[in-house]
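Chemist: Sequence and predicted structure, then a few things I'm wondering about:
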Amino acid sequence: MSDYDRNVAGRWNPSVARSQAAIDQGLRTYMLSVYNYMTLGLAITGAAALGIYMLSVTTDPSLAAGRVAGGIMLTQLGYTLFVSPLKWVVMLAPLAAVFFLSFRVERMSVTAAQITFWVYAGLVGVSLSTIFLVYTHESIVRVFFITAASFGALSLFGYTTQKDLSGMGTFLMMGLFGIIIASLVNIFLGSSMLQFIVSVVGVLVFAGLTAYDTQRIKEMYFEGDDVAVMGKKAIMGALTLYLDFINLFMMLLQLFGNRSND
């Protein structure tokens with residue numbers, strides 16, 4: 001009798017069943033908030049990227065302030081953002097925003113955290129607008145849908161699996177640091193083979209991180225959290241999955257995107 005199913009009492013106890021149902025409903029609401037924040041962040045990024053690109057290129061030589069590879073003519077805004085020294089501000093601003101949000105979120109209100117996340121998503125969109133100069137628009141759209149389908153499947157696996165994925169965390173973080181170091185080195189080497197290796201490894205790492213982070217975000221849920229704490233957890237969870245999606249998209253784009261000047 002000592003090894004009987006200890007959950008039997010819970011299954012037949014109405015109060016326990018109601019408590020479990022409340023937790024399940026609370027968890028679904030929490031995860032839905034995470035995905036809604038992430039999706040809206042991606043929409044802001046996409047709108048910002050496309051909007052900046054459209055304002056940065058022209059077909060009128062009289063409005064052109066410069067050209068880039070492929071003979072694309074840039075407006076004064078495009079030249080300022082993509083060619084002038086201000087391009088470094090455009091590249092580094094999202095990094096500053098994500099660090100600010102990560103270190104300050106506990107002292108922020110939920111509204112302030114939301115606004116910071118939206119601003120960050122917009123800054124990422126500005127910095128990513130250059131992909132429209134490098135890759136064909138058709139390949140960008142194709143890779144985006146490949147990324148969305150892959151991300152959805154991986155995140156669903158992370159949410160539903162009963163397997164503990166925490167053991168993957170160390171290896172995935174090691175892979176992430178390896179990608180960062182190799183990418184920095186390749187800035188100076190300019191090796192297409194190293195870039196290919198980085199992209200392949202990057203796809204594997206961010207695919208794993210998508211499942212791992214989803215499970216970790218799910219486990220962050222606590223029924224006793226107040227509205228403010230729950231809201232901040234949802235925003236930080238959305239930021240984590242947003243970064244996984246963006247990086248997976250960029251790695252796949254480097255592998256399967258068609259360059260405009262090819």
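Modeler: Right, received. Where do you want to start?

Chemist: Enumerate every residue touching residue 202.
Modeler: 179, 247-248, 250-251 (CB atoms under 8 Å, 6 or more residues apart in numbering). From N, CA and C alone the C-beta is placed, and that goes for glycine too.

Chemist: Take those and lay them out in TSV including secondary structure and neighbour count.
Modeler: Shown next, in TSV, are these (DSSP: H, G, I helix; E, B strand; the rest coil; neighbours: other CB atoms under 10 Å):
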residue	secondary structure	neighbour count
179	helix	20
247	helix	19
248	helix	24
250	helix	19
251	helix	23
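
Chemist: ok, of those residues, which one's closest to residue 109?
Modeler: residue 247 (28.6 Å; CB to CB).

Chemist: Give me the phi and psi for residue 225.
Modeler: Residue 225 adopts backbone torsions of phi -70, psi 140, taken as degrees, to the nearest 10.

Chemist: Now do the residue lying closest to it once chain neighbours are set aside against residue 40, distance only.
Modeler: In space, and not counting its chain neighbours, residue 225 is closest to residue 233: 6.9 Å by CB to CB, 6 or more residues apart in numbering. Distance of residue 233 to residue 40, given as CB to CB, to the nearest Å: 17 Å.

Chemist: Neighbour count for those two, which is higher?
Modeler: Set residue 233 next to residue 40 and count neighbours by other CB atoms under 10 Å: residue 233 wins out with 19 against 16.

Chemist: mean confidence for the strand or helix carrying that one?
Modeler: Using DSSP states H and E, residue 233 sits in helix 227-256. Across helix 227-256, the average pLDDT comes to 93.

Chemist: Counting by contacts, list what it packs against.
Modeler: Under the contact criterion of 3 or more CB pairs under 8 Å, 6 or more residues apart in numbering; DSSP states H and E, helix 227-256 touches helix 14-56, helix 87-104, helix 110-128, helix 137-160, helix 192-219.
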